Each structure stands twice: as C-alpha cells, then as structure tokens.
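# My questions concern the predicted model and sequence given below.
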Amino acid sequence: MRNEPVEVLEHAGLIVKVLQDETEENPRDWDNLSKFVFFHKRYDLPNELNLDINQFSSGDEIGKHLREELGAEIVVPVYMYDHSGISISRHYRYPYDDPWDAGQVGFAVVLSSDILKEYSVEHITEIIRHKALAVLDSEIATYNAYLTGDVYGYVVETPDGEYVSSCWGYYGDDEVSGFKVAKSDGQASAEWWAAEHERLAKELAAKVEASFAV
C-alpha cells in the first residue's frame, strides 16, 4: 500500500501526487557493472565477491587482494555515515569523515574482465577506465538513494480522483533528488494528458458537428 503523498499540486487542470516509493527495488539486484564489497556487523550490506574479512588484517590488504588476486581494475574505498539512517559515498568528506558516526565500510570495484566485456574491447584504455569509473559512481549514488529512501514516484489524477497515469522508481543521485525528477515528470505527464484530452474532445466535437451537417 502506498504511503501519503509528499507533495500534491494542481497542474494543467489535473492533480499530481508525488509519493515516496515504498516498493522500490534494491538496485544491487540489477545488472550492475561494479561489485560492492562491504562489511558491517549490524547492517546487511552487499558483499558481492563473498570475501571473508577475517582473512585480512587491514583495508590495504583487502585492496591488494582485490587487485592482484581477483583482477579488479578499479578499486575505490566507500565510506558510510550512520546517524538516524545510513548513507554511503566514495568521497572522504563531510559527513563521511566524521570521527564518531562515519568510517570506511568497504570497497566498490570493477573487474577487468567485466570492463572488457561491457565495452567490447581487448585492452582497457584510460578513456574506457574513466567510463567505467563514471558508471561505478552512478551505481554508488543509486544504491545510496535506496539506502536513504530517496526513491519516489508520481500519480496523476483528475480533480475527482480518477486515475490518469503513474510512474515509479525515481532514484536520486548526487546531482538531483529522485523527488525532483518524479515531480517534474509528473507535471509533464499531466500536461500531455491534458493536451490529449483536449485533442480528443475537439475531434469528438468535429464529428458531432459533421453528423448534424449531413
């Protein structure tokens, strides 16, 4: 069951409701380029290469293992901020550098074999590496949106409450909140349906007029 709308607005003669998506998918179930290797005692976070943290004495040792033994081309540390909910980032800056509520939670990696397959190349150039890193950043941002609840959808209705359209699964990123994108798309959908309704009404009126002219 959907929760109460975060915002309700009238647009193009219709009602647009923006809601938090409570049935959002875990983006780590998607076909991702990156692999997350996270370790935490209290949270069930992805460890997609099934590493046993007890085999290593430090984060540096884990990073070395990822590169030399598992063939990771890209290995970046990921930090978690735990305060009234959790969020993650690969950038060691506020609040992820907080000495009390933050710390490194693991690594995000892209395996060399996955890069070669994804981009259909035989060698990893610097340009290809930058492309893969950009994808990794995007996948971290999407998972962070999932963790923080920055996932929204919209419903467009008539003023009488009749369903018109809807769309769900707007995940936020580092630049734009999922809420803002869902709201914008909801308004665009309302405009389209209002224009379509007007077009159909004019067509019907023209047909009625033509029938009386016969």
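Nice, thanks for sending it over.
# so how far does stretch 164-181 reach from one end to the other?
End-to-end span of stretch 164-181 (Cα to Cα, to the nearest Å): 19 Å.
# Which positions in that stretch come out as buried?
164-165, 168, 170-173, 177-179, 181 (16 or more other Cβ atoms under 10 Å). Where you see a C-beta, it was placed from the backbone N, CA and C, and this is true even at glycine.
# Same check on stretch 181-188?
Going by neighbour count (16+ other Cβ under 10 Å), the buried part of stretch 181-188 is 181-183, 185-187.
# so Thr142, which of the three states?
helix (DSSP: H, G, I helix; E, B strand; the rest coil).
# nearest spatial neighbour of Leu66, skipping sequence neighbours?
In space, Leu66 comes closest to Ala72 once its chain neighbours are excluded; the distance is 4.3 Å by Cβ to Cβ, 6 or more residues apart in numbering.
# gap between the one you found and Ser34?
Distance from Ala72 to Ser34, counting by Cβ to Cβ, to the nearest Å: 10 Å.
# what's near enough to touch Arg67?
Listed by Cβ atoms under 8 Å, 6 or more residues apart in numbering, the contact partners of Arg67 are Val75.
# which secondary structure element contains it?
Using DSSP states H and E, Arg67 sits in helix 59-68.
# Average pLDDT for that helix, rounded please.
When pLDDT is averaged over helix 59-68, the result is 96.
# if we look at the sheet, which residues does Tyr170 bridge to?
Here Tyr170 sits in beta bridges with Tyr152, going by DSSP bridges.
# hey, what's in contact with both of Ala72 and Ser34?
Common neighbours of Ala72 and Ser34, counting by Cβ under 8 Å, 6+ apart, are 109-110.
# So among the buried residues of stretch 164-181, where is pLDDT lowest?
For the buried residues of stretch 164-181, the pLDDT minimum is Asp173, 83.
# which one is that one nearest to, not counting chain neighbours?
Ala141 (4.1 Å).
# pretty sure the one you found is in contact with Asp174, am I right?
Yes: with contact defined as Cβ atoms under 8 Å, Ala141 reaches Asp174; the gap is 5.0 Å.
# Quick check: Ala132 is in a helix.
Yes: using three-state DSSP, the assignment for Ala132 is a helix.
# show me the residues around it that make contact.
So Ala132 contacts 33, 73-74, 110, 115, 118-119, 124 (Cβ under 8 Å, 6+ apart).
# Closest to Phe212 out of the buried residues of stretch 164-181?
Ranked by distance to Phe212 (Cβ to Cβ), those are led by Val164 at 31.0 Å.
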